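Q: Quick check, what structure comes out for this input:
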Amino acid sequence: MLTQKNAPARHPLGFFPTPVMPLNRLTKRMNGPRILMKRDDQTGLASGGNKTRKLEFLIGEALATGCDTLVTGGAAQSNHCRQTVAAAACCGLRCHLALGGEPPTTADGNLLLDNMLGAHIHWTGKFRKGEKIPDIVNELEKQGHRPYVIPYGGSNPRGALGFVDGVAELIEQLRADDISIDAIVFASSSGGTHAGLMVGKEIAAANFELIGIAIDKEEAGTGKKTLAEHIAEIATGTAELLHFPTTFTAADVTLFDNYTGKGYGMVGKLEKNALRLIAKTEGILLDPVYTGRAMGGLLNLIDQGKFSAGETVLFWHTGGLPALFSYAQELQ
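A: Numbering: from 1, shown residues only. Sure, this is the predicted structure:
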């Protein structure tokens, strides 16, 4: 585990370790492999989610440097933004959100929670990845505030430290239960979760495969880099923060990008089937944008014979429950 002695400043925000549970009914339904789930939907911060791990390190730096305001951005139903404003609330910080789209007539899902948690919301039209954050920061500084910028998805080397720690947490849990796994499957979008898992695996010298299911058709939004290149860059920077001499390249990134359907946030048959199957077989709720798509990808890979019946695959549930309610019509 990362501690104050071997990692940058950290501020506790979540309930850890999150459970690892077997999905026995789903395993039987799919005729193997054995399927486990890491429940990061249970991290506790404003209904939980994987961003809490990243925010512990990002908020740690914000507090250590005397900042009084957090600024981040995302889509209108961003899980990351909801957890960021919750973290700000419990740390006594202001929080400004740059949200893509236009203000809706009625706020629901994550947006409802953003409002309840005290977010200052800036609607940014077609820009949903924080492109307008510099303008917000400039205005805040003019007003005498000390803003701390958290990138899209909390995905930079410091944020990725949360998942380096997550790998160490998982390995301890598996060891305690005498379980070995062959692969971890998860939603890969802004890159920080993916990068942190890569670094954590490398530090632990673990031999399981990391399989990211791409959620967004678009590239990372950082110039001409592909998402795989973006992830590798974050991973290399994360390793540098830990003084762990490893360089990652796009070739080190396993990313399935053939499950993006009609694009980000567009719910199709893949997501609907995965959501209903997991709900009916295990009583677990996924979200329609990230975990629904990633689980749909995992189920398809099993159908294609990617994993044998004797293998064990862990699905990392990254949360997102509140977004379900904003997709009520699509999920009928």
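Q: Now do the same for Cys91: its pLDDT.
A: Cys91 carries a pLDDT value of 98.
Q: Okay, helices next: where are they in the stretch 1-150 of the chain?
A: Shown for the stretch 1-150 of the chain, the helices assigned by DSSP state H, counting those that start in this stretch span residues 24-30, 51-64, 79-91, 109-116, 133-142.
Q: Now tabulate the ones you listed in JSON lines and tack on mean neighbour count.
A: The way it works is simple: take the backbone N, C-alpha and C, and place the C-beta from them, glycine included. Below are these laid out as JSON lines (neighbours: other C-beta atoms under 10 Å):
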{"stretch": "helix 24-30", "mean neighbour count": "16"}
{"stretch": "helix 51-64", "mean neighbour count": "26"}
{"stretch": "helix 79-91", "mean neighbour count": "26"}
{"stretch": "helix 109-116", "mean neighbour count": "21"}
{"stretch": "helix 133-142", "mean neighbour count": "15"}
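Q: So which of those helices is nearest Tyr152?
A: Closest to Tyr152 of these is helix 79-91 (C-beta to C-beta; 7.6 Å).
Q: quick one, the closest one and helix 109-116 angle?
A: 20 degrees (axes from the mean of the first three to the mean of the last three C-alpha atoms, to 10 degrees).
Q: So what touches helix 79-91?
A: If you take C-beta atoms under 8 Å, 6 or more residues apart in numbering as the criterion, helix 79-91 is touched by 11, 13, 45-47, 49, 51-52, 55, 59, 63, 70, 72-74, 93-95, 97, 99, 110, 113-114, 117-119, 150, 152-154, 190, 287, 290, 318-320, 322-323.
Q: Which members of those are positioned in strands?
A: If you go by DSSP state E, the contacts of helix 79-91 have Leu70, Thr72, Gly73, Gly74, Arg94, Cys95, Leu97, Leu99 in strands.
Q: Just name the closest of the residues you listed to Gly159, please.
A: Among those, Thr72 lies closest to Gly159 (C-beta to C-beta), at 10.6 Å.
Q: any idea of the mean pLDDT for the strand or helix carrying His194?
A: Element membership for His194, per DSSP states H and E: helix 192-204. Helix 192-204 carries an average pLDDT of 98.
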